[in-house]
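Enquirer: Based on what follows, work out the 3D shape:
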Amino acid sequence: MFQLTRRTRTIDIWPGFVDALASVLIVFIFMLLVFVLAQFYSTWELAGRDATISRLERSIDELARTLSLERERGAGLESRLSETEARLRATLAERDALFGRLTGAEGQLNLTQAELEEAKRTITADRETIEARLAEIAGLQRDIAALRALRERLEAEVAQRDSTIAEGRRLTERAENRLAELTRQIQALREQLAAVSKALALEEAKVKDQQVEIADLGKRLNLALARRVQELNRYRSEFFGRLREALGERPDIRIVGDRFVFQSEVLFPSASAELGTAGQEQIRRLARTLNEVAKKIPGDLDWVLRIDGHTDRRPIRTSEFPSNWELSSARALSIVRLLIAEGVPPQRLIAAGFGEYRPIDPANSAAAWQKNRRIEIRFTSP
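Expert: Residues are numbered from 1 along each chain as shown. Here you go, the predicted model:
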């Protein structure tokens, strides 16, 4: 009797120690994830603000370059306008001189025609003089035609110069309007940049406050999780200890780590998912023990009993079980159904089938196959 008591205490302590280490590791990983997410969110917010400021600075630089180009263009237009006015004045002077020559030529033509008429009336000049005068008159007429063509060309150039001057003035007005608009935009962007800088400072202060709150929340969460883990470990140890007492010391029913392991032959016939008579009795004992322990567990402590079905590596191909997946899942479900019939709440049960893919012994032998054909029961949190 003394030896049985010592062995039971050893079984109770070992699974609790392993679960405590696993729970501490889970809590540490959770807190690390919370911290990484907080840092990522803060970095993302600051990166977004920096990108906005950089974009605004690039817009200001672009507007400044545009303003400089517009000013240079306005100066060029003013220079071209001055040159055009000077050329226009020279053209007008040339036109006036040509008009003077044309008037003189017309006067000379009139005088020549009068002399010709006088010569014809008097018939005192000889024929050669008349022909010379006629040739001179023809030359004068050609000069007159050339001068008239020149006058038309000069008038067209003057009209074109007037149009160029008007276009230059319109371009100057548009440049001045564009310059005023760019000035207003730069002022608005500067105001927006100041507002963004102020908002960024507020966001940085908020991020610091949130980091303090997250650290405090993490400490409280660690304490709460530690208390929950201790409570769950205590009830798990009690459940496994009482279940061991109910089932007795058997080599085909043992505790491995944090799980209670039944060899499949204890519960099921070969290649079957129907519980045998001995198997049903074992599961009923398990259900009675679980119901007794569950009455002591507080309502706010969430727990489940997970039933895992495992097979050996030899394949099965029947109409009922096309593969080991179906056989392992069906065996786990058969146990869950019997537990529910014995009063275990369905929301506290999980059935899982792993087939041959989680062996205890990877060897390809009859002894390894027997070890791998098993049902594992875990008392854990969801």
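Enquirer: Ser237: helix or strand, and which one exactly?
Expert: helix 127-247 (DSSP states H and E).
Enquirer: following that helix, which helix or strand shows up next?
Expert: Per DSSP H and E, the first helix or strand lying C-terminal to helix 127-247 is strand 253-256.
Enquirer: Report the rounded mean pLDDT for whichever helix or strand comes after that next one.
Expert: Next in sequence after strand 253-256, counting helices and strands by DSSP H and E, comes strand 259-263. For strand 259-263, the mean per-residue pLDDT is 90.
Enquirer: Who are the packing partners of strand 259-263?
Expert: Helices and strands touching strand 259-263, by 3 or more Cβ pairs under 8 Å, 6 or more residues apart in numbering; DSSP states H and E, are strand 253-256, strand 374-380. To be clear about C-beta, it is placed using only N, CA and C from the backbone, and glycine gets the same treatment.
Enquirer: Would you list the strands that the longest one pairs with, along with their directions?
Expert: When pairs are called by DSSP bridges, strand 374-380 turns out to pair with strand 259-263 (antiparallel), strand 304-310 (antiparallel).
Enquirer: Go through these and pick out the most buried.
Expert: strand 304-310 (a mean of 22; mean count of other Cβ atoms under 10 Å).
Enquirer: For Ile316, give me its contacts.
Expert: Contacts for Ile316 were tallied using Cβ atoms under 8 Å, 6 or more residues apart in numbering; they are Ala271, Ser323, Asn324, Leu327.
Enquirer: any idea which of these is closest to Leu301?
Expert: Leu301 has its nearest neighbour among the contacts of Ile316 in Leu327, at 34.0 Å by Cβ to Cβ.
Enquirer: Would you agree that closest one is in contact with Ser270?
Expert: No: here Leu327 does not reach Ser270: they are 10.5 Å apart, not a contact under Cβ atoms under 8 Å.
Enquirer: Just want to know which of those two has more residues nearby.
Expert: Applying other Cβ atoms under 10 Å to Leu327 and Ser270 shows that Leu327 carries more neighbours, namely 26 against 7.
Enquirer: returning to that earlier point: for the contacts of Ile316, give me JSON lines that also has distance to Asn110, pLDDT and secondary structure.
Expert: Formatted as JSON lines, the contacts of Ile316 follow (distance: Cβ to Cβ, whole Å; pLDDT from 0 to 100; DSSP: H, G, I helix; E, B strand; the rest coil):
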{"residue": "Ala271", "distance to Asn110": "139", "pLDDT": "90", "secondary structure": "coil"}
{"residue": "Ser323", "distance to Asn110": "127", "pLDDT": "95", "secondary structure": "coil"}
{"residue": "Asn324", "distance to Asn110": "130", "pLDDT": "95", "secondary structure": "helix"}
{"residue": "Leu327", "distance to Asn110": "133", "pLDDT": "96", "secondary structure": "helix"}
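Enquirer: among those, who's most crowded?
Expert: Using other Cβ under 10 Å as the neighbour criterion, Leu327 leads the contacts of Ile316 with 26 neighbours.
Enquirer: can you tell me which residues contact that one?
Expert: Leu327 neighbours (Cβ under 8 Å, 6+ apart): Ala271, Ala273, Gly309, Thr311, Ile316, Phe321, Gly353, Gly355.
Enquirer: how about 7 Å then?
Expert: By Cβ atoms under 7 Å, 6 or more residues apart in numbering, the contact list for Leu327 reads Ala273, Thr311, Ile316, Phe321.
Enquirer: Over to Arg121?
Expert: Arg121 makes no contacts at all, as judged by Cβ under 7 Å, 6+ apart.
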